[in-house]
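Asks: Next come a sequence and a model predicted from it.
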Amino acid sequence: MGKLNDSLLSGSTGRTGRLVVANVAGTEILRARPKKRTSAPSPKQILIQERMKQCYNFILPYKEFASLYFGTKNGMNSCYTQAFSNLLRAHKLDYAKNTIVPVYSEIQFARGGLMAAVPTGLSSQAAGQITLEWYNNAAGDPERDADELQLLYLAEDEQIPIFMENLAQRADTSVIVTVPPNLQGKKLRVWIAFRAQDMIRVSISTYVGEVSVQ
């Protein structure tokens, strides 16, 4: 792959023969078009493709959020690209067993410098509901007290999580979330983060753990 600077092709896209010109975030990229596959993919290639599919399904609900609130854009390395890379790293490939093993504690849906959440409790005390608790580490700062809670949870046997924004404020220290009826009796994996009222700053997300819904 090559990078074009002030080229005669500036502003153009398309292909000529096996050369492909693409404009990515204002940068022109020149690369060779891959040859068509003539043989069946190997088990290793199929496993890698399946991981890509699983990660794409996982990020779908919070794709727009991650595009704004996952690190900072660095050249062609966008926030979305960084978020997707995090998912790829967290979904471990076991070639010997031909399996994909997600490490949920390594998954993040937000990454920023705002004060992180400190979860203190996760339970299901009523049918179809989960209760989240956290420590108010704002230290009396009214601006931090007003930070909004962002929630991501994934039900067992599901590939696509549910993302919910602005459920409570940091000063509330707890929130009760009603889940869809079809998730009763299922185990949920839960992540949280805080976003500032200015809609610019965000904390790194924190994996809270697992809870079985009554």
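Replies: On my side now, so go ahead. Numbering: from 1, shown residues only.
Asks: From now on I want contacts and neighbour counts done on CA atoms only, so please keep to that.
Replies: Fine.
Asks: tell me the domain ranges of this structure?
Replies: With domains defined by automatic domain parsing, the chain comprises 2-32, 43-106, 119-212.
Asks: could those domains go into JSON lines alongside mean pLDDT and mean neighbour count?
Replies: Converted to JSON lines, the domains of the chain look like this (pLDDT from 0 to 100; neighbours: other Cα atoms under 10 Å):
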{"stretch": "domain 2-32", "mean pLDDT": "61", "mean neighbour count": "13"}
{"stretch": "domain 43-106", "mean pLDDT": "97", "mean neighbour count": "16"}
{"stretch": "domain 119-212", "mean pLDDT": "98", "mean neighbour count": "17"}
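Asks: Can you check which of those domains gets nearest to G112?
Replies: G112 lies closest to domain 119-212 among the domains of the chain, at 4.6 Å (Cα to Cα).
Asks: okay, how far is it across the closest one, tip to tip?
Replies: End-to-end distance of domain 119-212: 17 Å, with Cα to Cα, to the nearest Å as the criterion.
Asks: center of the chain, which residue is that?
Replies: Of all residues in the chain, the one closest to the mean position by Cα atoms, centre = their mean is F109, 3.6 Å from it.
Asks: What distance do you get for that residue to V20?
Replies: 33 Å.
Asks: Tell me which of the domains of the chain approaches G113 most closely.
Replies: Closest among those, using Cα to Cα: domain 119-212, at 5.4 Å.
Asks: pretty sure L87 contacts N57?
Replies: No. Assessed by Cα atoms under 8 Å, L87 is found out of contact with N57, at 10.6 Å.
Asks: packing partners for the helix ranked longest in the chain?
Replies: As assigned by DSSP state H, the longest helix anywhere in the chain is helix 43-59. Other elements packing on helix 43-59 under the criterion 3 or more Cα pairs under 8 Å, 6 or more residues apart in numbering; DSSP states H and E are helix 79-90, strand 91-94, strand 99-102.
Asks: Can you give the strand pairings for the second one, parallel or anti for each?
Replies: With DSSP bridges as the criterion, the sheet partners recorded for strand 91-94 are strand 99-102 (antiparallel).
Asks: next SSE after the strand it pairs with?
Replies: Next helix or strand after strand 99-102 toward the C-terminus (DSSP states H and E): strand 119-123.
Asks: What ranges does this protein have for its helices?
Replies: Under the criterion DSSP H, the chain contains helices at 43-59, 63-69, 79-90, 142-145.
Asks: got those as CSV, with distance to D198 columns?
Replies: Compiled in CSV, the helices of the chain are given as follows (distance: least, Cα to Cα, whole Å):
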stretch, distance to D198
helix 43-59, 24
helix 63-69, 13
helix 79-90, 19
helix 142-145, 10
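Asks: so which of those helices gets nearest V179?
Replies: Closest of the helices of the chain to V179 is helix 43-59, at 18.0 Å (criterion: Cα to Cα).
Asks: orientation of that closest one relative to helix 79-90 in degrees?
Replies: With axes from the mean of the first three to the mean of the last three Cα atoms, to 10 degrees applied, the angle from helix 43-59 to helix 79-90 works out at 130 degrees.
Asks: Please state the offset of helix 43-59 from the chain centre?
Replies: 15 Å (Cα atoms, centre = their mean, to the nearest Å).
Asks: neighbouring contacts of that helix?
Replies: With contact meaning Cα atoms under 8 Å, 6 or more residues apart in numbering, helix 43-59 is reached by F84, L87, L88, H91, L93, Y95, N98, T99, I100, Q159, I160, P161.
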